[in-house]
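Novice: next input, structure requested:
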Amino acid sequence: MLESCRNAQERWGGVHLLIDRWLQERHELVQVYADLQRAQATTKESRQRFCQLLLDYVSAGHFGVYEQLVREAEAFGNHQGIELATRIYPRLQAITEHALAFNDQCERAAEDAALVDELHQIGQLLHERFELEDCLIEVLHTAHRQVPETV
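Specialist: Take a look at the predicted model:
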């Protein structure tokens, strides 16, 4: 997951400042997730840190990046990008709802054992989410990239 995060930054870094910041947040989220996965036992603070990053990341997606990508697609008349966003947005929304539920569980969990399976599941969902987001960025970036003129 960390490697695909790095690849996304290399492919789309610089396309737009908003996306750059968002991809950096993704990278940090993945690092903290990996630290939680490696730890034999986590602290309440480490779980809270992960949950805060998770909420920040999904919020930035829904209330910033996705809207910006759709506005760009509309501005460029990119019907393929708009259609793709319409198709994948419900799945992104479902993953967001799961992330919110996971956050609530973290707040209520008294110990790590109660979260082991849920942490694994949220990791799988994040991986799926990153792939969907990368697909959306790829389609929009490719459509809007300037094609060099041939002489």
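
Novice: how far out from the middle of the chain is the helix or strand that contains residue 90?
Specialist: Using DSSP states H and E, the element containing residue 90 is helix 79-108. Its chain's average C-alpha position is 9 Å from that of helix 79-108, according to CA atoms, centre = their mean, to the nearest Å.

Novice: would you map the helices across the protein?
Specialist: For the chain, the helices defined by DSSP state H occupy 2-12, 17-38, 44-60, 66-75, 79-108, 116-144.

Novice: can you lay out these as JSON lines showing mean neighbour count and mean pLDDT?
Specialist: Every residue, glycine included, has its C-beta placed from N, CA and C. Converted to JSON lines, the helices of the chain look like this (neighbours: other CB atoms under 10 Å; pLDDT from 0 to 100):
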{"stretch": "helix 2-12", "mean neighbour count": "14", "mean pLDDT": "57"}
{"stretch": "helix 17-38", "mean neighbour count": "17", "mean pLDDT": "91"}
{"stretch": "helix 44-60", "mean neighbour count": "17", "mean pLDDT": "92"}
{"stretch": "helix 66-75", "mean neighbour count": "16", "mean pLDDT": "83"}
{"stretch": "helix 79-108", "mean neighbour count": "15", "mean pLDDT": "92"}
{"stretch": "helix 116-144", "mean neighbour count": "17", "mean pLDDT": "87"}
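
Novice: returning to what we had before: helices or strands next to the helix holding residue 90 in the packing?
Specialist: Here helix 79-108 touches helix 44-60, helix 66-75, helix 116-144, going by 3 or more CB pairs under 8 Å, 6 or more residues apart in numbering; DSSP states H and E.

Novice: would you format those helices as JSON lines with distance to residue 22 included?
Specialist: JSON lines is the format used below for the helices and strands packed on helix 79-108 (distance: least, CB to CB, whole Å):
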{"stretch": "helix 44-60", "distance to residue 22": "5"}
{"stretch": "helix 66-75", "distance to residue 22": "10"}
{"stretch": "helix 116-144", "distance to residue 22": "9"}
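
Novice: these: which one's closest to residue 34?
Specialist: Ranking the helices and strands packed on helix 79-108 by proximity to residue 34 (CB to CB) places helix 116-144 first, at 9.0 Å.

Novice: right, I'll call it a day here.
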